[in-house]
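J.: What would the 3D arrangement of this be:
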Amino acid sequence: MPRVRQLVIRIVAIFSLTLLLVTQLSAGLIHDGSFENNPSGWTEYFNSSCTISGLGNWTGTAGLTGNYEGSRSLWLGGLCNNGVRNNGARQTITLGPDAAVLSFWYAPYKGAVDVLNQDQARVLINDDEVWTLTVNGPTGTAVWQNALIDISQYAGQEISLAMEMDQNAVPLFIANIFVDFVEIYNPAVQISQEIMPPTVLLGDSFTVEVTIQNSGDVALNDLTVSHNLFTSCNRAVGSLPTLAPGENTSYTCTVENATLGMANNATVLATATALAHPVTAESLITAHVVDPRLELVVQPATVTVEEGDAVTLELGVTNNGLVSLNDIQLTADPAVCAFSGKELTPGQTAVFSCTFTPTASGKISFVVTAVEPLTNTSLTAETAAVIEVKPVDPPTIDTFTLYLPLALNNVTNHTPLGEPNNSCAQSFPITVNQSAQFLAEDIDDWYSFNVNSSGTLTVNLTNFAPIAGQITVWRGSCGNLTFLGQNGDFATTKVINLGSQPPGSYFVWIINDGPTNTNQKYSLTVLKP
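T.: This is a model prediction of the structure:
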């Protein structure tokens with residue numbers, strides 16, 4: 001039986017993560033691969049006195065039943081003019097980038113065994129022998145056989161392909177070989193990966209779609225896919241379908257816990273079905289994983305200010321992530337200021353100045369929000385500033401002793417209208433939940449009241465004819481007062497809601513910033529449920 005020598009060389013095709021456009025050759029004949037053309041694409045050469053061409057002219061010769069395909073085949077060897085015919089045919093062809101296997105059909109014949117045993121059929125590429133067959137002995141009716149030769153080392157090159165028969169110098173029996181249907185096979189496979197969504201938050205899961213395409217001209221089976229990082233996307237033999245030329249198949253898988261900079265290499269291995277030839281391809285993809293970070297800082301974080309003075313806070317909003325942030329919104333509670341911005345690039349800080357006049361001690365809470373546009377993720381950062389408002393010390397008003405006639409026992413007199421009550425020490429006592437009336441006959445009027453239990457306090461000043469002025473409320477003692485609230489509205493009615501207050505001594509200081517009034521009384525009422 002004739003022997004076919006095959007060279008097996010592994011083909012490795014590496015692809016980028018995007019689909020490559022590859023020039024494909026369909027499996028099929030090389031130029032005049034079935035020897036049907038006349039003139040032919042082949043050039044004959046021979047070493048014989050015989051000058052008669054035998055290319056493509058022989059059908060059913062030397063016991064053959066016919067050609068493998070069509071009406072013609074190439075006859076190599078044989079006898080011409082009683083001499084030995086050593087001959088061949090060659091042509092120059094350009095192989096595609098995925099050229100892997102040279103295929104042809106052959107039928108050898110020799111009448112009997114030749115003891116010299118030197119009759120050789122050969123295939124040469126660039127004059128290098130890639131296939132040899134010893135033709136020695138009868139075969140009866142010759143049977144067409146297929147030769148598959150690995151030529152992947154020549155892929156993408158222009159080559160000289162030659163087929164010839166070299167016989168003994170003095171043969172006892174004449175060797176022949178018939179060749180037909182010469183083809184080049186270009187098995188190839190591609191693999192690609194797509195991550196969905198294209199941008200992933202750190203620690204989130206995401207979906208990978210893997211697509212495998214038969215980009216060659218031979219059916220592929222026994223597909224396997226392995227991933228160095230996305231191991232949940234591995235596929236074993238038998239899990240993927242056989243792919244005809246041009247077909248593709250896709251599958252999806254889930255990858256958990258995205259990390260920064262994670263890069264996955266996917267490798268597909270398949271077998272060119274008819275050739276038992278392995279093909280492989282790779283795809284490298286890096287997941288776009290983001291870790292957006294937003295920071296808010298207020299300076300100073302603690303402020304002490306006197307009543308009536310303004311405070312300026314510097315608010316710094318910083319993008320500490322690696323992607324830009326949009327729609328920057330900064331708000332305060334209480335609403336002393338608010339700001340907005342369009343974008344913060346990675347590492348950028350936006351500074352906002354917040355200036356306001358606090359009315360009472362407390363905490364100002366600031367919140368900044370932003371949107372990471374690639375994943376549409378909302379981010380929030382918070383901070384706060386503590387404001388302490390110190391009351392302005394009441395003015396020191398000199399007290400005096402009023403010396404009255406002896407009949408009045410030489411004591412300080414308070415008129416029914418409360419005068420003199422121009423200082424804390426001279427405050428006129430009033431009763432809770434009982435309206436009292438007084439005249440705004442000078443600038444300063446001080447009143448005092450006591451609360452025996454905790455409760456909600458409201459101080460009402462009505463019919464204040466000077467209009468211009470303010471009412472203030474304090475708690476403690478004249479030497480140690482704590483400011484509680486004030487109302488300086490330009491109106492005849494001024495109300496202060498003090499909320500819940502503890503038991504203790506309280507003082508009301510009314511300041512007249514308008515004209516004095518000696519005939520129209522104003523009313524002062526402290527309400528406690």
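
J.: domain parsing for this protein?
T.: 28-185, 189-290, 294-390, 406-527 (automatic domain parsing).

J.: average pLDDT for the shortest one?
T.: In this model, domain 294-390 carries a mean pLDDT of 92.

J.: Show the end-to-end separation of it, please.
T.: Domain 294-390 has an end-to-end distance of 34 Å (criterion: C-alpha to C-alpha, to the nearest Å).

J.: could the domains of the chain be laid out in a markdown table, adding mean neighbour count?
T.: Backbone N, C-alpha and C define where each C-beta goes, glycine included. Shown next, in a markdown table, are the domains of the chain (neighbours: other C-beta atoms under 10 Å):
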| stretch | mean neighbour count |
| --- | --- |
| domain 28-185 | 18 |
| domain 189-290 | 18 |
| domain 294-390 | 16 |
| domain 406-527 | 16 |
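
J.: least reliable of the ones you listed going by mean pLDDT?
T.: Mean pLDDT values for the domains of the chain show the minimum at domain 28-185, a mean of 83.

J.: and the end-to-end length of that one?
T.: End-to-end distance of domain 28-185 (C-alpha to C-alpha): 7 Å.

J.: Tell me which residues are up against stretch 488-503.
T.: 451-465, 467-471, 473, 475, 484-487 (C-beta atoms under 8 Å, 6 or more residues apart in numbering).

J.: how distant is stretch 378-395 from the center of its chain?
T.: Remark: stretch 378-395 is offset 40 Å from the chain centroid, using C-alpha atoms, centre = their mean, to the nearest Å.

J.: And for stretch 131-149?
T.: Distance of stretch 131-149 from the chain centroid (C-alpha atoms, centre = their mean) equals 60 Å.

J.: what are the ranges of the strands in the stretch 1-150 of the chain?
T.: Listed in chain order, the strands of the stretch 1-150 of the chain (DSSP state E, counting those that start in this stretch) span 13-14, 28-29, 43-47, 74-77, 79-80, 83-84, 86-94, 101-110, 120-125, 128-134, 145-150.

J.: Reformat those strands as TSV; add distance to Leu498.
T.: TSV is the format used below for those (distance: least, C-beta to C-beta, whole Å):
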stretch	distance to Leu498
strand 13-14	79
strand 28-29	98
strand 43-47	114
strand 74-77	114
strand 79-80	129
strand 83-84	128
strand 86-94	98
strand 101-110	97
strand 120-125	104
strand 128-134	105
strand 145-150	97
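
J.: between these, which gets nearest to Ser232?
T.: Between Ser232 and those, the shortest gap by C-beta to C-beta is with strand 13-14, which sits at 23.2 Å.

J.: just to revisit the earlier point, so which of the strands of the stretch 1-150 of the chain is nearest Val189?
T.: Of the strands of the stretch 1-150 of the chain, nearest to Val189 by C-beta to C-beta is strand 13-14, at 7.3 Å.

J.: So which residue is smack in the middle of this protein?
T.: Centroid-nearest residue in the chain, with C-alpha atoms, centre = their mean: Thr199, separated by 1.7 Å.

J.: Dig out what it forms beta bridges with.
T.: Beta-bridge partners of Thr199, counted by DSSP bridges, are His288.

J.: Next up, the contacts around it.
T.: So Thr199 contacts 288-290, 323, 374-375 (C-beta under 8 Å, 6+ apart).

J.: Surely Gln470 and Asp513 touch.
T.: Yes: the pair Gln470 / Asp513 is scored as a contact, 7.3 Å apart, by C-beta atoms under 8 Å.

J.: Any idea how many residues pack against the closest residue to Gly216 other than its chain neighbours?
T.: Distance criterion C-beta to C-beta, 6 or more residues apart in numbering; nearest residue to Gly216, sequence neighbours excluded, is Ala188 at 3.6 Å. Using other C-beta atoms under 10 Å, Ala188 has 27 neighbouring residues.

J.: Surely Ile93 touches Asp32?
T.: No: assessed by C-beta under 8 Å, Ile93 is found out of contact with Asp32, at 10.8 Å.

J.: so where's the longest strand in this structure?
T.: When the chain is parsed with DSSP state E, its longest strand is strand 377-390.

J.: Parallel or antiparallel, list what pairs with it.
T.: Using DSSP bridges, the strands paired with strand 377-390 in its sheet are strand 302-306 (parallel), strand 362-372 (antiparallel).

J.: Show residues contacting it.
T.: In contact with strand 377-390 (C-beta under 8 Å, 6+ apart) are residues 201, 292-298, 300-307, 311, 313, 315, 317, 325, 358-372, 483.

J.: export the contacts of Thr199 to JSON lines and tack on distance to Asn228?
T.: Output for these, formatted as JSON lines (distance: C-beta to C-beta, whole Å):
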{"residue": "His288", "distance to Asn228": "18"}
{"residue": "Val289", "distance to Asn228": "17"}
{"residue": "Val290", "distance to Asn228": "23"}
{"residue": "Val323", "distance to Asn228": "26"}
{"residue": "Leu374", "distance to Asn228": "26"}
{"residue": "Thr375", "distance to Asn228": "26"}
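
J.: before we move on, the earlier item: which stretch among the strands paired with strand 377-390 comes nearest Ala107?
T.: Comparing the strands paired with strand 377-390 by C-beta to C-beta, strand 362-372 comes nearest, at 71.2 Å.

J.: Pull the CA coordinates from the closest one and hand them back as PDB.
T.: Extracted as PDB, the C-alpha positions of strand 362-372 are listed here (Å, rounded to 0.1, in the frame of the first residue of the first chain):
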ATOM      1  CA  GLY A 362     -26.100  75.100  65.900                       C
ATOM      2  CA  LYS A 363     -24.800  72.800  63.200                       C
ATOM      3  CA  ILE A 364     -24.900  73.500  59.400                       C
ATOM      4  CA  SER A 365     -25.100  70.300  57.400                       C
ATOM      5  CA  PHE A 366     -23.700  70.300  53.800                       C
ATOM      6  CA  VAL A 367     -24.500  67.600  51.200                       C
ATOM      7  CA  VAL A 368     -22.900  67.300  47.700                       C
ATOM      8  CA  THR A 369     -24.200  65.000  45.000                       C
ATOM      9  CA  ALA A 370     -22.700  64.100  41.600                       C
ATOM     10  CA  VAL A 371     -23.300  61.600  38.800                       C
ATOM     11  CA  GLU A 372     -20.800  59.200  37.300                       C
END
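
J.: For Ser29, list the residues it contacts.
T.: I think there's a mix-up here, since residue 29 is Leu and not Ser. By C-beta under 8 Å, 6+ apart, Leu29 lies in contact with 181-183.

J.: Report the distance from stretch 423-435 to the chain centre.
T.: Its chain's C-alpha centre and that of stretch 423-435 lie 70 Å apart, by C-alpha atoms, centre = their mean.

J.: Can you get me the start-to-end distance on that stretch?
T.: This stretch, stretch 423-435, spans 21 Å end to end (C-alpha to C-alpha).

J.: Same question for stretch 431-444.
T.: Using C-alpha to C-alpha, one end of stretch 431-444 lies 20 Å from the other.

J.: Could you pull out the strands in the stretch 351-500 of the chain for me?
T.: Per DSSP E, counting those that start in this stretch, the stretch 351-500 of the chain carries strands over the ranges 362-372, 377-390, 428-429, 436-438, 444-451, 455-462, 469-477, 480-487, 494-501.

J.: Name the residues that touch the shortest one?
T.: Residues from elsewhere that reach strand 428-429 (C-beta under 8 Å, 6+ apart): 414, 418, 421, 438, 445-449.

J.: what sits opposite the closest residue to Thr252 other than its chain neighbours in the beta ladder?
T.: In space, and not counting its chain neighbours, Thr252 is closest to Glu209: 5.0 Å by C-beta to C-beta, 6+ apart. Assessed by DSSP bridges, Glu209 has beta-bridge partners Glu194, Thr252.

J.: Now do the contacts for Glu209.
T.: Contacts of Glu209 by C-beta under 8 Å, 6+ apart are 193-194, 196, 250-252.
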